[in-house]
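*Asks:* here is my input; please provide its structure:
(chains A and B)
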Number of protein chains: 2
Amino acid sequence: MPVDNLAVRRPQFSTWLTATNDLTSRFVSAARIPDLINFAGGLPALETFPTDALAALAKELTLQYPQDCLGYGPTDGLPELRDAIADRFTSPILCLSRENVLITTGGTQSLDLLGKVLIEPGEVIAAEFPTYVGAMDAWRPRQPQYREIVFDAGCSDLASAFAGAKLIYTVPNFSNPSGKFLDLPTREEIVAAAHVTGIWLVEDDPYGALQYDGPPLARLIDLSAHRSPGAIYDGPVVYMGSFSKELAPGLRVAWIIAAPEMIRALKAAKQGADLCSPGLNQRIGLAAMQHGLVDEMRPRLITLYRERRDALCAAMERHLSDMFVWDVPIGGMFVWATIDGSRIDTDRLLAAGMDEGVLVGPSSVFFPSDGNNAAIRLNFTFNPVERIEEGVRRLARAVRAVQRSSAESGEVR
Amino acid sequence: MPVDNLAVRRPQFSTWLTATNDLTSRFVSAARIPDLINFAGGLPALETFPTDALAALAKELTLQYPQDCLGYGPTDGLPELRDAIADRFTSPILCLSRENVLITTGGTQSLDLLGKVLIEPGEVIAAEFPTYVGAMDAWRPRQPQYREIVFDAGCSDLASAFAGAKLIYTVPNFSNPSGKFLDLPTREEIVAAAHVTGIWLVEDDPYGALQYDGPPLARLIDLSAHRSPGAIYDGPVVYMGSFSKELAPGLRVAWIIAAPEMIRALKAAKQGADLCSPGLNQRIGLAAMQHGLVDEMRPRLITLYRERRDALCAAMERHLSDMFVWDVPIGGMFVWATIDGSRIDTDRLLAAGMDEGVLVGPSSVFFPSDGNNAAIRLNFTFNPVERIEEGVRRLARAVRAVQRSSAESGEVR
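*Replies:* Take a look at the predicted model:
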């Protein structure tokens, strides 16, 4: 063997890694930093977890179903859970069977699998921006191009706007990060355009149950099913749901509802992604639905989160209204606040906020291109009301610190 | 909006999907088919799971650490588990810290993440064939090329054979599927070649603890650490371990030990793969190590699996020795049996075996190219001795059925 004493150079990492951010990792692990007030992640309130009930279920289910909980399981998920998800979303219009359902290891995996089965380098994903940073994280290894679409009924010819895309991505209920709630005419136009073009329409709906004002609107998959009522669903909508926001995110159990051919493709991708989702976690999610835990939690979550949303917006009025403008969201987990006059770079609020003990999401990560540094995303579900007030005070101090340092360096625009 | 009443054509799925197989999915879900004798998957014996202890831990840990178990957690894994894995593999030579460890959602995810951070379409993975089908499943979306390498000390210039590859893949302890155990000179040459070339050397070691005869040999990562003893490990070996074979696969908890720069890259990929692994499962794995459950299981697994290996080989002598040749493996979970004279196509044994109530792994899936249809992989860990005997009888009937039908259609070679 030849011996080479020169310093060796390692092979390069894949090019997509040059464009990553670690923001979501920071969001989800920030709970371990003492006294940090975390406004950044889409974190449920820890005190809402039905801990005692889930702990008891974890033991009982392991004893009752050791093979399901401790052995390898089906790649597409426990059949009983797939059936229960199909039942839950079945309506007089939407007809679902087990073949329409794939269980995944959290919504992030749902996005990863969709990217794998649909996107080759350079292919197009159409979405509205700002959009969910975790979706762009999941798709980055597939190296897609993004096309911006504005979802507003009557504003544009959506079928033309969709043409050539491999998938359309939308969070119709309280979009992450903008909080936008798509109105019914817009939902109908989007679905019609998906049917006309045949393009897969990904409806990411983690927050659907978290609506604080007004009546809910039809899901895109329900509107799609209206076109062939009574038949097993075979349309273009790919619906993503999860236990993360309605039960407990640490379970990492989510689901995709779609046409059987899409489920089969996603299952092939999941075989090479993690083989199967953990069985104990699936059994806990199933039992929590069957025992009514999920249904019981929903009204409590809505009451608690509505109060916190109102507290955040009131604190922002007091401390941030000279700098930011925002709409009060009617659901979801976030307020999206834009700098009035773009006087500071919100990327700098990440470090400045950490100095003050508050973590926020800067707008830049929610866009596929640079130059979007004039907004922040603030979560209102995780912190109690008094922490929200204190967090906004800290944030106001961080904003003034960034303003001062920008003024000193002559950066004021 | 234009209305188009022609049948729409959906966008095509990614091209890599045309080359998939569903074999591993069949292996892991076969437990749900009544009376099927499953020789195919790498399945631990269900009766070895410490079910009562794990059930009790699941409840206690959820109550004690509700945030860790039910909330989002760090993308790279619970720090306490990363520390415990680092401690477990630390030796006077191999120096590991938390920065060397990433927790993953099963070994399949470890492979998926490695493919994402290292492989772009057309880049080269070097491996010995037959190789683990699950690794090729995990890497298929990255569209690699494979280069065949023979790992035998003195046989070839390994540094030249590695040149230009992005990663080298090996299962040195009881390779899946062949059962091959790399000898020490070969291990040393492989590690030397990785150091000379700088190429990442993936040491996949799920079976290391399952050795039935003779003394264990040094891990590749230990041999690599010999080159800079005492320093935090920063060499080219990427070591993959898992709780799947030594505790319970349904937990879906595995780990990667590697240079810190590799761990950081893998963490960025994991953020977009599933954000974080489920916390309850990590806590259970950690407690099972700390409470000695893993150490207690090991001698029991070895005794049980050695007996089953011997039972399988004895039954094969009785019923299959006129058709197949094989080596008795000294560890792991599989016997690799090759047709003596390649008189039948082992792909056909999949369906013929199912007709007889026995599931085996045909050789074709363990090669990246076609034309390798002359062997089968038989698992010996999952079934009790009397089922092993019955399963081999069924397999012998299936072999004769395929022989007959080949003879009738004039296919005999």
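
*Asks:* can we go C-alpha only for contacts and neighbour counts from here?
*Replies:* Fine.

*Asks:* quick check: mean pLDDT of stretch A:128-138?
*Replies:* Mean per-residue pLDDT for stretch A:128-138: 96.

*Asks:* that stretch spans what distance, first to last residue?
*Replies:* 17 Å (Cα to Cα, to the nearest Å).

*Asks:* would it count as contacting chain B?
*Replies:* Yes - using Cα under 8 Å from any Cα of the partner chain, stretch A:128-138 reaches chain B at A:134-135, A:137-138.

*Asks:* now restrict these to buried residues only.
*Replies:* Neighbour-count burial (16 or more other Cα atoms under 10 Å in any protein chain shown) applied to these gives A:134-135, A:137-138.

*Asks:* closest to chain B out of those residues?
*Replies:* Of all those, the one with the least separation from chain B (Cα to the nearest Cα) is A:Ala138, at 3.8 Å.

*Asks:* shouldn't that closest one be in contact with A:Gly107?
*Replies:* No - contact criterion Cα atoms under 8 Å: A:Ala138 and A:Gly107 do not qualify, at 10.0 Å.

*Asks:* for A:Ile125, phi and psi?
*Replies:* Main-chain dihedrals, A:Ile125, degrees, to the nearest 10: phi -110, psi 130.

*Asks:* pop out the phi and psi values for A:Gly42.
*Replies:* Torsion angles, degrees, to the nearest 10, at A:Gly42: phi -90, psi 60.

*Asks:* how about the helices of the stretch 251-400 of chain A, start to end?
*Replies:* For the stretch 251-400 of chain A, the helices defined by DSSP state H, counting those that start in this stretch cover A:260-271, A:279-290, A:293-319, A:348-356, A:385-408.

*Asks:* which stretches of chain A have low pLDDT?
*Replies:* For chain A, the stretches with pLDDT under 70 are A:1-8, A:31, A:342, A:410-413.

*Asks:* ok, stretch A:103-110 near chain B or not?
*Replies:* Yes - residues of stretch A:103-110 contacting chain B under Cα under 8 Å from any Cα: A:105-109.

*Asks:* okay, how far is it across that stretch, tip to tip?
*Replies:* 9 Å.

*Asks:* residues contacting it, please?
*Replies:* Residues from elsewhere that reach stretch A:103-110, judged by Cα atoms under 8 Å, 6 or more residues apart in numbering or on different chains: A:76-78, A:81-82, A:134-135, A:138, A:240-242, A:244, A:249, A:252-256, A:277-278, B:272-275.

*Asks:* what's the local residue count around A:Pro92?
*Replies:* Neighbours of A:Pro92 under the rule other Cα atoms under 10 Å in any protein chain shown: 10.

*Asks:* ok so, going back, can you put the helices of the stretch 251-400 of chain A in CSV and add mean neighbour count and distance to chain B?
*Replies:* Below are these laid out as CSV (neighbours: other Cα atoms under 10 Å in any protein chain shown; distance: least, Cα to the nearest Cα, whole Å):
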stretch, mean neighbour count, distance to chain B
helix A:260-271, 22, 6
helix A:279-290, 22, 6
helix A:293-319, 18, 14
helix A:348-356, 19, 18
helix A:385-408, 19, 18
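
*Asks:* out of those, which is closest to A:Arg32?
*Replies:* Among the helices of the stretch 251-400 of chain A, helix A:348-356 comes nearest to A:Arg32, with 13.6 Å by Cα to Cα.

*Asks:* so what touches the closest one?
*Replies:* In contact with helix A:348-356 (Cα under 8 Å, 6+ apart) are residues A:36, A:359-362, A:394-395, A:397-399, A:401-402.

*Asks:* try stretch A:209-218
*Replies:* Counting contacts by Cα under 8 Å, 6+ apart, the residues outside stretch A:209-218 that touch it are A:183-184, A:246, A:298, A:301-303, A:305-306, A:330-332.

*Asks:* now with 10 Å, please.
*Replies:* Stretch A:209-218 is contacted from outside by A:172-174, A:181-184, A:187-188, A:208, A:245-246, A:298-299, A:301-307, A:309, A:329-333, using Cα atoms under 10 Å, 6 or more residues apart in numbering or on different chains.

*Asks:* now the common contact residues for A:Ala138 and A:Gly107.
*Replies:* With Cα under 10 Å, 6+ apart applied, the overlap between the contact sets of A:Ala138 and A:Gly107 consists of A:113, B:273-275.
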